[in-house]
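Chemist: Build me a structure from this.
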Amino acid sequence: MIGLWSLFLTGYELLQLLFLASVNGLLFFGYQKFRKKNLERLPFLPFLFIGLLIVLLKNF
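Modeler: Here you go, the predicted structure:
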């Protein structure tokens, strides 16, 4: 998935995308732990998509 996005994004934007996705995933995980819910698996693709949207909207 990131391989396809790399055709349209610069290296700096890809780093921003991965950073934003990681931060969003950590925030979501922390929120779920705060609510006392146990997560066995945390899919990363939705957070990558959120990061992509933020990077693309930032460029407008």
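
Chemist: switch to C-alpha atoms for all contacts and neighbour counts from now on
Modeler: Fine.

Chemist: so where is the protein shaky, pLDDT-wise?
Modeler: Low-confidence segments of the chain (pLDDT under 70): 1-3.

Chemist: Residues touching the longest helix anywhere in it, excluding its own?
Modeler: Assignment by DSSP state H gives helix 11-34 as the longest helix of the chain. With contact meaning CA atoms under 8 Å, 6 or more residues apart in numbering, helix 11-34 is reached by 6, 38-39, 42, 44, 47-52, 54-55.

Chemist: any idea how far Ser22 is from Phe28?
Modeler: Going from Ser22 to Phe28 by CA to CA, to the nearest Å gives 10 Å.

Chemist: Look at Leu52 and say how many residues are nearby.
Modeler: When neighbours are defined as other CA atoms under 10 Å, Leu52 has 22 of them.

Chemist: show me the residues around it that make contact.
Modeler: If a contact means CA under 8 Å, 6+ apart, then Leu52 has Leu17 as its contacts.

Chemist: and the gap between it and Leu42?
Modeler: 18 Å.

Chemist: what helix or strand does Thr38 sit in?
Modeler: Wrong residue type there; residue 38 is Asn, not Thr. Of the helices and strands defined by DSSP states H and E, none includes Asn38.
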